[in-house]
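Asks: what's the 3D shape of this:
(2 chains)
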Amino acid sequence: MDNRPLGPIVSKSTKGWFEQWGVSPRVHWPWPMGVEMRRESLVSDEIAADKMVVAAALTLLMISAVSVIVLLSTDEAGNPASGDWEWVDPITEVEDDNHSHTDLLAHRLATPNMQLIDYHNLNCDGEMFPPTDLDNTAGRPCDPEMKNMAPTPGDNSEVIIEGNFHEGCVIHGDGTGGCFAYVAAYNQFHILDISEPNDIRMLSTYYAEIARIIDVKVTDDNNWVLINHELTNSELDPIPNDDDANSGTNRLDVIYVGDKTSPIKVAEWNNPPAGFHNQDIHVYCDWDGITNPDEECSLFLFGADPYPEIVAGGLGYKGTQIFYVPLGFESWLPTQNDEQQNSSREILRWGGYTPDPDTTCGGTVFNHDNVISKHPITGQVLLYVAYWDAGLRIVDVSDPATIADPFGISWPQDDEVGRWLGCPSADDGWYGPDGGGHANMTANQWGGSSGAANGNGWIHYVVPYDHLICSGIWEGSAEPWPEQCGTGPSDATYGVNWRHYTLIAPEYGSNDNHTGFVRTIDTTDPTKPFLVSEWKLPGNGIRANGSAHGNHFIPNMYIYSPHNGDTGLDGHVYWTHYHGGAWVTDHGRIWDEIVWNTPDGTPAPELGWQAIASLAETHTMGYYLPSGPIWMDDPKGDLEYDMADCWASCMIPFNWGLQFDPRGFIVISEMVSGVYVVQMEEDYDPQNDFPPIWNAEAAVEE
Amino acid sequence: MASGRFGTLLFVSILLLSGVAPLASAHGANTIWIIARGTYLQPDEIDAIQNDTVEVHNSAELNRTVRVDFDGDGLYNGTHDVHCNLNSSEFCSFWLDPANWTAGQWEVEIIEENGSTMYATINIQADIHVTGNPLGYQFGINDDEEIEVEGGASSQNWLQLVAITSGLGGALLLVNLMNNRNDSLGREEE
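Replies: Here you go, the predicted model:
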């Protein structure tokens, strides 16, 4: 036996283990010889026992860890939205034995992460028409018992939602609050209470004998609705079958909707200078140009003129026309009689804008849709305008001129702050050939029929984000945030990673090569927009002879063209594609996934397109094809869907537009069957838990 | 003190690790479609969960028979076998009653009048549900319709039990070891 004094005794097997936790094992120092042997024996036994205990503990911990891993993996495997589901391409170009565009049930297609929350066929009270005394002047209240119980009026188009979603849609004591959807429907518009997305209720219907109510907008306070009566059947914006005798008129109406069950028309403007297809509305407060000292806030309208042929004011401009309404809403009191209204209503053309012809690459200049939004960085009130081959136009309308400029000589004609086209639209600078504000296309690659064949040009709809995005979050996202997002947009190091995007997309009546790109334009600096990503309907098209084509395409009747879209919270974007349904894409990580050609790969937004080696991918998240209430065996028959007038290209479904409810729901307007509330799993917010109740109700009925 | 902190750290870590695992998952009734087109099925494989309903829609201009040999006896007359005849534009649906349809893979035959057959695969997963799921809502749930399926849940519950008890056991052993060493040292120092 080695009688050398014992040194510190430390189990090798435990030393390292203890050290990794920063804990020093106790040491044992020698005792006198007689005791030493006994103690050595005891200590040796103790060490052996410790080893066994440690080994047992480690074994148990290992078993626990493995069990947890197995549990997690089995849980993921049980989730149908985990990405392992079979992809089904819902796009079929050619009708044959496999596909009929009018077979509703054959379009019950959706990705597994989509769920129908509720549906309304938009019949108000069982009747298809109002009593004659209400026609053109007032709406009628709805009977909640008639939800999905009577024939479907159809002919739906734009949907807009408004409300205090962040407050849970509570209605306050003073009557403010609540969340509502407004749906334009050719001869009608409908108001729905969407406070509970799984139990939407139709409140009223407004009917007008004069048609083409296509667009609907509402003020932030949910009190005033602006509708158009569009008179147009232009080459660029035709009624699909051109067989509708009631093609509308040239008029704008204001409807007071303070009482959502009794909308009432309070003003109409006959023959405004254009037959608007689309318009937006904005209220300015503290504007210096007020014409009456009693006017606290001033109302402006931003109309899109669908007739490119119109040469207004003799100055040759066409497109965006802006109107000021003196005394605004104060002049539209529902208590006024017709005579008083006639004397009070007034609309003044206050400004105009059209792209400089030298900046359009020579293509068609056609203002289709206008969206006003406050830029989250600059604070400017910006008008984002879809201008067909003249692309995206961003016009600063923060401060309306104090003197009317009816021909748009300077306001806001001189206030274009940015634009984006695929082609260089200037000789130098940001839009010049060496600049970052284009995609280096030729004029032919970008615009006209040749551009359309590439999925380019023909910009029909634009929509900016309301906020900034960083790595799949926005400023309202719960913390902790990804490291690269720092403390937010003002972070000295990471602020650059918070980006503002604007989405643009074309519309084609037919296109035998493409359905069109939905493009993401970085508008963080609205004076230097640049392309960062593009997306098209995924998959291959199939020709009539059965051969595959690299893109889906549009044989006719707008069938799979992009139409109207909306932005979400975490970088999600929602877009209707007529017969192709509603699609959701993820743009949240675009900034992370751009490949820059700078020496060290660092982002160079100041160089835009010129610094990008590879655009980021826009990720497809899912789709949903509205196809009637899925709890009905034959909704087309039971709810009498009207396919006869072919306002929806004689197809079903045919989706006009949608809105994203920030509580995590998509409100879709399908042109024949009605309104659908759909939720994508990735948008689910536990704070806004509205699971579908229709399936429970259906089970009870059975 | 150090060993106490260590023990506490370890104990909490194990508890947290165990807590990561869901105590249960849950699922509400969904309807999943198989569209039988002229020459193909869309989709031809679906992932379903017990309590879902499968709807087979015949969109072609011909008559078809849809059947599932539930009990695998080669006949189609069993209580839970599926057998329906469809004219054009008709559909039939069958509920994946958790009492009968267990987790597994099933084959749906769509047979035309001329005898040609197309096949769709249904992958059924167990519907696992414990009321009051501490993780809250899962997509597709209708709490009113949730059904407990003991068989499906049992394996997961067993795993959870193993994870928690083994984790706690390991942690307790280590804590105990540290305490013993502290006591031992204390006696020696006395």
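Asks: what are the boundaries of the helices in chain B?
Replies: B:2-20, B:150-189 (DSSP state H).
Asks: looking at those helices, which has the lowest confidence?
Replies: When these are ranked by mean pLDDT, helix B:2-20 comes last with a mean of 44.
Asks: roughly how far does A:Leu625 sit from A:Lys374?
Replies: A:Leu625 sits 34 Å away from A:Lys374, taking Cβ to Cβ, to the nearest Å as the criterion. All C-beta atoms are positioned from the backbone trio N, CA, C, and that covers glycine.
Asks: likewise for A:His619?
Replies: Between A:His619 and A:Lys374 the distance, using Cβ to Cβ, works out to 28 Å.
Asks: these two: who's more crowded?
Replies: Just comparing A:His619 and A:Lys374: by other Cβ atoms under 10 Å in any protein chain shown the higher neighbour count belongs to A:His619, 17 against 13.
Asks: that one touches A:Val584, doesn't it?
Replies: No: counting by Cβ atoms under 8 Å, A:Val584 is not a contact partner of A:His619; they are 9.7 Å apart.
Asks: any chance you could map the helices in the stretch 401-550 of chain A?
Replies: Using DSSP state H, counting those that start in this stretch, the helices assigned to the stretch 401-550 of chain A run over residues A:443-446, A:448-453.
Asks: hang on, A:Asn695 is in a helix, isn't it?
Replies: Yes: the assignment for A:Asn695 (DSSP: H, G, I helix; E, B strand; the rest coil) places it in a helix.
Asks: pLDDT at it, what is it?
Replies: What the model reports as pLDDT for A:Asn695 is 70.
Asks: against A:Leu116, how distant is it?
Replies: Looking at A:Asn695 against A:Leu116, where the rule is Cβ to Cβ, the gap reads 9 Å.
Asks: also A:Gly154?
Replies: For A:Gly154, the distance to A:Leu116 equals 19 Å [Cβ to Cβ].
Asks: same question, A:Ile459
Replies: Between A:Ile459 and A:Leu116 the distance, using Cβ to Cβ, works out to 32 Å.
Asks: B:Met118 now?
Replies: Between B:Met118 and A:Leu116 the distance, using Cβ to Cβ, works out to 27 Å.
Asks: how about B:Phe91?
Replies: Taking Cβ to Cβ as the criterion, B:Phe91 is separated from A:Leu116 by 17 Å.
Asks: then B:Tyr76?
Replies: Relative to A:Leu116, B:Tyr76 is positioned 32 Å away (criterion: Cβ to Cβ).
Asks: what of B:Asn179?
Replies: Counting by Cβ to Cβ - B:Asn179 and A:Leu116 are separated by 58 Å.
Asks: looking at these two, which one has more neighbours?
Replies: Between B:Asn179 and A:Leu116, counted using other Cβ under 10 Å, A:Leu116 has the larger neighbour count: 24 against 13.
Asks: which ones are touching the more buried one?
Replies: A:624, A:629-630, A:676-678, A:692, A:694 (Cβ atoms under 8 Å, 6 or more residues apart in numbering or on different chains).
Asks: and the residues you listed, which of them are buried?
Replies: Neighbour-count burial (16 or more other Cβ atoms under 10 Å in any protein chain shown) applied to the contacts of A:Leu116 gives A:624, A:629-630, A:676-678, A:692, A:694.
Asks: what about those, which are in strands?
Replies: A:624, A:676-678 (DSSP state E).
Asks: next, give me the two most distant ones among these.
Replies: The most widely separated members of those are A:Tyr624 and A:Val677, with 10.6 Å between them, by Cβ to Cβ.
Asks: thinking again about what came up before, in TSV: the helices of the stretch 401-550 of chain A, plus distance to A:Glu534, mean neighbour count and mean pLDDT.
Replies: Below are these laid out as TSV (distance: least, Cβ to Cβ, whole Å; neighbours: other Cβ atoms under 10 Å in any protein chain shown; pLDDT from 0 to 100):
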stretch	distance to A:Glu534	mean neighbour count	mean pLDDT
helix A:443-446	13	21	98
helix A:448-453	14	18	96
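Asks: for chain B, which of those is the nearest?
Replies: Comparing those against chain B with Cβ to the nearest Cβ, the closest turns out to be helix A:448-453 (28.8 Å).
Asks: which helices and strands does that closest one pack with?
Replies: Packed against helix A:448-453 by the contact rule (3 or more Cβ pairs under 8 Å, 6 or more residues apart in numbering or on different chains; DSSP states H and E) you find helix A:443-446.
Asks: can you tell me what sits against the helix it packs on?
Replies: For helix A:443-446, contacts defined as Cβ under 8 Å, 6+ apart pick out A:361-363, A:389, A:421-423, A:450-451, A:454, A:456-457.
Asks: on the three-state scheme, the residue nearest the centre of chain A is what?
Replies: Using Cα atoms, centre = their mean, the residue of chain A that lies closest to the mean C-alpha position is A:Asp566, 1.7 Å off. Classification of A:Asp566 into helix, strand or coil gives strand, according to three-state DSSP.
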